[in-house]
Structure formats: C-alpha cells, structure tokens
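Student: The sequence and its predicted three-dimensional model are supplied below.
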Amino acid sequence: MTDILIFTHIDYCPPAHLGTVLEQAGHAFSVLRADLGELDGIDLDRPKAVAIMGGPMSVNDPLPWIQSEVAALQHLIRRDIPLLGHCLGGQLLAKALGADITRLPYTESGWQPMTRLDQDQPSPWLQHLPEQFPIFQWHGDSFTIPEGAQPLLSSPWCSNQAFAWGDKVLALQGHPEMDEALVRQWLDDWHHLLDPSQPSQQSRAQMLEDLPAKISTLNRVAEGFYRRWLSLAGL
C-alpha cells in the first residue's frame, strides 16, 4: 500500500485527471474499490492523503460497504490527514461529519457555473480561482453543510457545491477530475438518462461543444485543489 489512497466505487468513476496529476508528479498511489470490500484489512493509520471519487449510488442506500467507508473516513478525519471528496466522495465526507444527504427534485448535469461563497473569509482551497467558473456536474443528491464547516461554492441548481472542514478536508459536489475521455464515455453510455428539456441539465451536444477547451479549464481548476491536498500531506 502507498501513502496516497484513492477510494473508488464503480469502474466508470476512476481517478481520471487526478491519476494523471499524481503520475506526472511521480507520486505512487493505490486505487481501492470500496464497494467490493477492498477497504477491509487496510491499515488506515498508514496513508498520508486520501481522495474519494464518485459513483451512481446514494449515501443513503442500505449498502453495508457504505457504512464501512463512512467509518473509515471518520478514522481518517480523526487522524487529521488531507481528504478530498468528489461528488459521492463529498457526500460520504459530509455523512462522516454528521451532515445529511438529501435527494434533489431534479438532476444537475453538465458544465454548471460555480460561485464562490468565501468572500468574507477567503479559503486557501479557492485561491487559484475567480469569483465564477464552471465544474462538470452529474448528480441527483446533495449534502448539507456539516457543523463547523465553511461553505465554499454554490450553483444555480445546488446551493451546497463545496465545503471545507478544518484545514485538511475538502468536499466537492461536482467532478473536477473529469478528462475528455471520461466525459465522452459517460455521454456515450448514459446519455439516455439525460433530459435536456429540464433547465438543470445540459444536452449531450452542449456538454461536448468546445470540449477540449472546457477540459483544459477544468484541469486547471482541479490541479489547484490537488496541489493543496498534496502540500498539506507534505508530498
């Protein structure tokens, strides 16, 4: 096992650009499938940084591995190591911190505009970002903000898009990890789940328009998060 762990929950929600950033920086990392029981027997006192990726399931689903993962995250929170959650991963962190996860009355999908909420107390997690910028979204659940956490981002369709808890936990509702191949894969495999007549969802054509430029911008957003996450771990 390496000092960097990445928890995943299904094959089509991989680390994607996060893995690319780590490889380019020469950092070894281990990818575990929490839904397949691969957290069992892991020494949770070893890792220096943990990222938690997305998945189609809800934190509220009655799946035994979800409770096991929440318990693992609570142990890591007590250890005060850097934790970074993406979509389901952000919801799992919220759950581990005692917050509720609720169903939205719609799906939020596509390139949605984020607005910073940290004007009164600027967050170091957002220091590389303008007041507004897009992040790719695809979710139907949303977290509430845990007690003691700082709300960081909102969108027109989801008021709680990100929070920081303490100085080492960042939970994101969106998918900054996306790369071009993963966006195309999702839209090839799951476009039938979209309803572009709903204002909270973009059409497949809208999501793919100028995709290389959109991904380049998103990569810079993600890399700011990842640099801070690694620096907090001393990596």
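Tutor: Everything's here; your move.
Student: quick one: the helices in the protein?
Tutor: For the chain, the helices defined by DSSP state H occupy 17-24, 64-79, 88-96, 180-190, 204-208, 211-232.
Student: Out of the ones you listed, which one sits most buried?
Tutor: Greatest average neighbour count among the helices of the chain goes to helix 88-96 (a mean of 28), per mean count of other Cβ atoms under 10 Å. (C-beta placed from N, C-alpha, C; glycine too.)
Student: Report the inter-axis angle for that one versus helix 64-79.
Tutor: Helix 88-96 and helix 64-79 meet at an angle of 70 degrees, taking axes from the mean of the first three to the mean of the last three Cα atoms, to 10 degrees as the criterion.
Student: for stretch 212-224, the distance to its chain's centre please.
Tutor: Computed by Cα atoms, centre = their mean, to the nearest Å, the chain-centroid distance of stretch 212-224 equals 15 Å.
Student: Rounded mean pLDDT for that stretch, please.
Tutor: Mean pLDDT, computed over stretch 212-224, is 98.
Student: who's in contact with that stretch?
Tutor: Stretch 212-224 is contacted from outside by 17-18, 21, 111, 125-129, 133-136, 176-180, 183, using Cβ atoms under 8 Å, 6 or more residues apart in numbering.
Student: How much space separates the residue lying closest to residue 54 once chain neighbours are set aside from residue 197?
Tutor: Nearest residue to residue 54 in three dimensions, chain neighbours excluded: residue 87, at 3.6 Å (Cβ to Cβ, 6 or more residues apart in numbering). Distance from residue 87 to residue 197, counting by Cβ to Cβ, to the nearest Å: 23 Å.
Student: thinking again about what came up before, residue 218 versus the residue nearest to residue 54, what's the distance?
Tutor: On the measure of Cβ to Cβ, residue 87 and residue 218 end up 14 Å apart.
Student: before we move on, what about residue 63?
Tutor: Separation of residue 63 from residue 218 (Cβ to Cβ): 30 Å.
Student: mind checking how far residue 68 is from residue 175?
Tutor: Residue 68 sits 24 Å away from residue 175, going by Cβ to Cβ.
Student: Sort out for me which of the contacts of stretch 212-224 are in strands.
Tutor: 111, 133, 134, 135, 136 (DSSP state E).
Student: Pull the contacting residues for residue 195.
Tutor: Contacts of residue 195 by Cβ under 8 Å, 6+ apart are 107, 201.
Student: mind starting the numbering at 30 from now?
Tutor: Sure thing, new numbering starts at 30, so read that last one as residue 224.
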